[in-house]
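**Student:** mind looking at a prediction? Sequence and model below.
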Amino acid sequence: LDVSDMLADWVKTKTKDSTGYHARKAVCSWLAKSYNSTDKTQSIRRFIPPTFPREFSSIIWNFEWYNFAATIFGGFVIVIVILTYAATRYYKNAKTIKLAQREFLDLCSLGYFMVCIAAILCATMPTDASCSAIQW
């Protein structure tokens, strides 16, 4: 099997490798052999997309008017969400709030708040912290 070929190449190295480079080298050499194979059933070429390899270019980020508008709108909606949350806390004994279940309204307010934070993070200049935070 192909996996046994890769493992055999990896075991042949017999050196201690803390970086994992030897395993990577074994897989890459197997890929090179399979890529250059003339047998169509054994060739890995059929799995490689036609757009490979991709070229990445650095994009200069500009703070456009719509980024500014999204930041302002996100901040405005955050204020509305906080006021709505405060109103549900203030009127927690009202019949409508009790029937709507205050805990559910709190969760909805929290969700809207997080969406607004994400909108502000997406509209500002990306940093390592904002790129990590946007996933959450």
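**Tutor:** Thanks, I have it.
**Student:** Pro126: helix or strand, and which one exactly?
**Tutor:** Secondary structure assigned from DSSP states H and E places Pro126 in neither a helix nor a strand.
**Student:** count the residues that sit near it.
**Tutor:** Burial of Pro126, expressed as a neighbour count using other C-beta atoms under 10 Å, amounts to 12. Bear in mind the C-beta positions are built from the backbone N, C-alpha and C, glycine included.
**Student:** any idea how far Ser132 is from it?
**Tutor:** Going from Pro126 to Ser132 by C-beta to C-beta, to the nearest Å gives 10 Å.
**Student:** ok, Leu121 next?
**Tutor:** Remark: distance between Leu121 and Ser132 (C-beta to C-beta) = 10 Å.
**Student:** which one of these two has more residues nearby?
**Tutor:** Taking neighbours as other C-beta under 10 Å, Leu121 and Ser132 compare with Leu121 leading, 17 against 9.
**Student:** what's near enough to touch the more buried one?
**Tutor:** Contacts for Leu121 were tallied using C-beta atoms under 8 Å, 6 or more residues apart in numbering; they are Ser130, Ala133, Ile134.
**Student:** now do the helices in this protein.
**Tutor:** 2-12, 21-35, 65-90, 95-100, 102-123, 128-133 (DSSP state H).
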